[in-house]
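sequence-free structure coming up:
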């Protein structure tokens, strides 16, 4: 398939006439509004790197991008979206298709997504849409933005350790039989393997006895090692080792089994024990042989999922003051960024990448409102220094034993003199040492007091229970420490809390995204899941723009019926 970039076809006159007649006194459909207001919103040129220059010309990738976004708007399957392109007049108008055009085969959409992902263009559709909105003055740099995240469940079923081991062997067997059936027949007892792996490994079919389940887990381990030994044997074709299912099996066996030799030199395989053998940390642990990017994660005490996490950023500028009784149509809040990670990545690790992404789009906010999971004192400083962003968020409280007790000497009780490189305790003693170090990859200063001061101190019980007989405190560098002290003091004031209240509105955007299916991955792998989230973000933007173009004001707060009646009469 090749790409020959060309302008989009103009709306067919017959289709345009039908649209005009049908919607003469009605609001125009979203697809029609998008074509009229944004024109050729996704030009073909931006997709050129993902399509070849030779071969049979394919469908316009720009038009397929628009189809994918409209598909998200209406929550359609690929088959339904392809049918809509051939049947829906509004879609025909937006795509410039003739009235008699039957549309296209639904498999084209899957191929389009694959090419976009292979070309690394997952964010391109949102980039282009935002550039068009910047040109029209509907979004700009500076101002206020807010960000929040939600969990995303993967498109594969959840597997326990036993199911994962068996299903990984089964997936490798399926791949090998499909790729080299003759080789497999020559190496293994096909009926025996078929009895064990012809059906998917499911707890409903597994034995209930724990003893039998443990024995079955060892059987899966032995089968997996036997399979790899044959694949890596001298008589096996070398290309069998490169099959993705074989590589996944290698990793799963390494993460879940321990192979060693007994005193007689015989290989012994056993399941890994967390305390004795160690198991990989969650960020690197494969959870399914069919989606190697999905990860298990937990949040709080009642949320445990296998999949991903998505971060959504949007504008949230405060509307200008108007005269009483005057109702002004305000531009909608626009999603400016969407970032997808595996489920184990903490929110704080995404704060800087989100700022970098927004800066690359030329949409750096002046104020960025996030919840307590995103900031740290160091990020308050670096966000301002690197991008000029005022990161507005409540910092987590001091978690030291003294702070938790509520009646001890926590770090805030000490006075730090960074010029003199000393600290003074509440009892007036001066620190003995001031040592800059690195802790967990961050610059830190460890301040220690002398035993001669701490030992006889009457307030020692309020300060430390250290066996060393002295108090030690870790404090960040000056700029970070001062930012932390200032932020913790401000976040307790009513003025700061009133300012921070704007962040709560992002929950509505998360709910809108959930309604469009963002919380469940439609595809396997993080790249296609990221593309799904980009299409969803574009869909939300178009839904909001459609309301704006049709003159529907943005509801800033919920209102009851009598309040709405009052606003209507005042207008």
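Everything's here; your move. Just so you know, these numbers come straight off a predicted model, no measurement behind them.

for the stretch 351-500 of the chain, what spans make up the strands?
For the stretch 351-500 of the chain, the strands defined by DSSP state E, counting those that start in this stretch occupy 367-369, 390-392, 415-417, 422-424, 433-439, 442-448, 472-475.

give the contact list for the residue nearest to residue 439 when sequence neighbours are not counted.
Of all residues not flanking residue 439 in the chain, residue 474 sits nearest, at 6.7 Å (Cβ to Cβ, 6 or more residues apart in numbering). For glycine as for every other residue, the C-beta is placed from the backbone atoms N, C-alpha and C. Residue 474 is in contact with 439, 444-447, counting by Cβ atoms under 8 Å, 6 or more residues apart in numbering.

which residues does residue 474 bridge with?
residue 446 (DSSP bridges).

what's the spacing between it and residue 178?
Distance, residue 474 to residue 178, by Cβ to Cβ, to the nearest Å: 57 Å.

go on, residue 396?
For residue 396 relative to residue 178 (Cβ to Cβ), the value is 51 Å.

Domain-wise, how is this structure divided?
Per the record, the chain has its domains at 13-121, 161-284, 304-395+494-570, 401-476, by automatic domain parsing.

Next, the distance between the ends of the first one.
Between the opening and closing residues of domain 13-121 there is a gap of 34 Å (Cα to Cα, to the nearest Å).

need the longest strand for this structure.
In terms of residue count, the longest strand belonging to the chain (DSSP state E) is strand 303-315.

now the strands: where do they sit in the stretch 151-300 of the chain?
257-261, 267-271, 295-299.

Let me see the confidence value for residue 277.
Per-residue pLDDT puts residue 277 at 81.

got it, and residue 75?
95.

Likewise for residue 109?
Looking at residue 109, the pLDDT reads 94.

Find the nearest non-adjacent residue to it, please.
Nearest to residue 109 is residue 78, by Cβ to Cβ, 6+ apart, at 4.6 Å.

My guess is that neighbour contacts residue 103. True?
No - using Cβ atoms under 8 Å as the test, residue 78 is too far from residue 103 to be in contact (11.8 Å).

can you tell me which residues contact the closest residue in space to residue 118 that isn't next to it in sequence?
Spatially, and ignoring its direct neighbours in sequence, residue 118 is nearest to residue 50 (6.5 Å; Cβ to Cβ, 6+ apart). Contact partners of residue 50, counting by Cβ under 8 Å, 6+ apart, are 61, 115-116, 118-119, 121.

Next, count neighbours for residue 486.
12 (other Cβ atoms under 10 Å).

same thing with the one 5 residues further on?
Burial of residue 491, expressed as a neighbour count using other Cβ under 10 Å, amounts to 16.

Pop out the phi and psi values for it.
phi -70, psi -10 (degrees, to the nearest 10).

Use 25 as the first number for this chain going forward.
Let's use 25 as the start, then, which means that last one is residue 515.

in terms of contact, does it touch residue 509 like I think?
No - at 11.4 Å, residue 515 and residue 509 do not qualify as touching, with contact defined as Cβ under 8 Å.

May I see the buried residues of stretch 53-72?
53-59, 61-62, 64-68, 70-71 (16 or more other Cβ atoms under 10 Å).

wait, stretch 89-109
Applying 16+ other Cβ under 10 Å to stretch 89-109 flags 89-97, 102, 105-109 as buried.

before we move on, what about stretch 300-319?
Buried residues in stretch 300-319 (16+ other Cβ under 10 Å): 309-319.

List the contacts of residue 355.
Counted by Cβ under 8 Å, 6+ apart, residue 355 has contacts 162-163, 572.

how far away is residue 52 from residue 42?
As for residue 52, its distance to residue 42 is 13 Å (criterion: Cβ to Cβ).

Give me the more crowded residue out of those two.
A direct count of neighbours by other Cβ under 10 Å for residue 52 and residue 42 places residue 52 higher, at 20 against 15.

so the more buried one touches residue 59, yeah?
No - if you go by Cβ under 8 Å, residue 52 and residue 59 don't touch, sitting 9.8 Å apart.

give me phi/psi at residue 87?
phi -70, psi -40.

Tell me which residues touch it, please.
Residue 87 neighbours (Cβ under 8 Å, 6+ apart): 32, 66, 119-120.

Reformat these as JSON lines; add pLDDT.
Formatted as JSON lines, these follow (pLDDT from 0 to 100):
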{"residue": "32", "pLDDT": "88"}
{"residue": "66", "pLDDT": "92"}
{"residue": "119", "pLDDT": "93"}
{"residue": "120", "pLDDT": "93"}
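
Pull the most distant pair out of those residues.
66 and 120 (12.7 Å; Cβ to Cβ).

residues near residue 224, how many?
Count around residue 224 with other Cβ under 10 Å applied: 12.

Test my guess that it contacts residue 194.
Yes - Residue 224 lies in contact with residue 194 (Cβ under 8 Å); the separation is 6.9 Å.

Name the residues contacting each of these two.
Joint contacts of residue 224 and residue 194 (Cβ under 8 Å, 6+ apart) do not exist.

Next up, phi/psi of the residue sitting furthest away from the middle of the chain, please.
Among the C-alpha atoms of the chain, the one most distant from their mean position (Cα atoms, centre = their mean) is that of residue 480, at 53.5 Å. Dihedral angles of residue 480 (phi, psi; degrees, to the nearest 10) stand at phi -90, psi 0.
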